[in-house]
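Engineer: need a structure here:
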Amino acid sequence: MFSEKPVLTGERVTLRPVGPEHADGLYALVSDPEVRRLTGSHAAFDPEACRRWCATRGDQPDRLDLAIEAGGEYVGEVVLNEVDPANLSCNLRIALIGARAFGKGYGTEAIALTLGHAFGTTPLHRISLEVFAFNDRARHVYKKLGFVEEGRLRDALRWEGAWHDAVVMSVLRPDWLSRSDFLT
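Structural biologist: Numbers count the residues shown, from 1 in each chain. Reported below is the predicted structural model:
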C-alpha cells in the first residue's frame, strides 16, 4: 500500500522518506526525556540501532515512515503503520524532537499532509492512533484535524510509578474528504 515513498511539502514542513541521513535526528528524538514520556517509550536506543532502522524504512511496502524537516533540519517523524488491508485501516504515530519543535505547528501540518496523502492516494478508510490522556497538546491537535475519540485503554502506561490511560482516536475517509480546511 505504501510502496511509493513521497516527498510532501507544506508551508512549515517538508516530509521526506526516512533514510540513513535521519539517524542522528532520530537518535536525538528517542533520547529526549520529554519525548520518551509523551510516547511512553521505556526502551533505550543506541545510535547504531537508529542507523540500522533508518536504513531499512524505504524497503517497507506496508508502512510509510516520513522524516519531518523544518528549515532543512530534522524535527521529528510521522508514520503510517500497522496496515490492515482487509479493513482498509492503519495506525498513525508522530513524534517531534522536543522543545525546539513543540508549539510551532510542525506536527499539525505534518499530520495534515500525511492524511491528505493517505486519503488521496490509497483506498484507506480509517486511520487510528492512541495518545496518552495527559498529552493535552496532542489531543487538541488530533481533534482539530478531525480525529474523534473512540474510547480509553485504562492504565495502559505505567510511567514513574503512576498509571495513565491511552485515548483511542480515529479519522475516517468521508470525514476527512468533507473538510476543506486541511485538504492538501
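Engineer: where along this protein do the strands fall?
Structural biologist: 8-9, 14-17, 64-70, 73-84, 89-96, 126-132, 148-159, 162-172 (DSSP state E).
Engineer: Tell me the buried residues in the helix or strand of the chain with the lowest mean pLDDT?
Structural biologist: Every helix and strand of the chain was ranked by mean pLDDT, DSSP states H and E. The lowest is helix 33-39, at a mean of 91. Across helix 33-39, burial judged by 16 or more other CB atoms under 10 Å covers 35-39. Yep, even glycine has a C-beta here, placed from its N, CA and C like the rest.
Engineer: just how off-centre is it within its chain?
Structural biologist: Chain-centre distance of helix 33-39: 14 Å, with CA atoms, centre = their mean, to the nearest Å.
Engineer: which helices and strands sit right next to that helix?
Structural biologist: In this structure, helix 33-39 packs against strand 89-96, with contacts taken as 3 or more CB pairs under 8 Å, 6 or more residues apart in numbering; DSSP states H and E.
Engineer: which helices and strands does the strand it packs on pack with?
Structural biologist: Contact analysis of strand 89-96 by 3+ CB pairs under 8 Å, 6+ apart lists helix 33-39, strand 73-84, helix 106-121, strand 126-132 as its packing neighbours.
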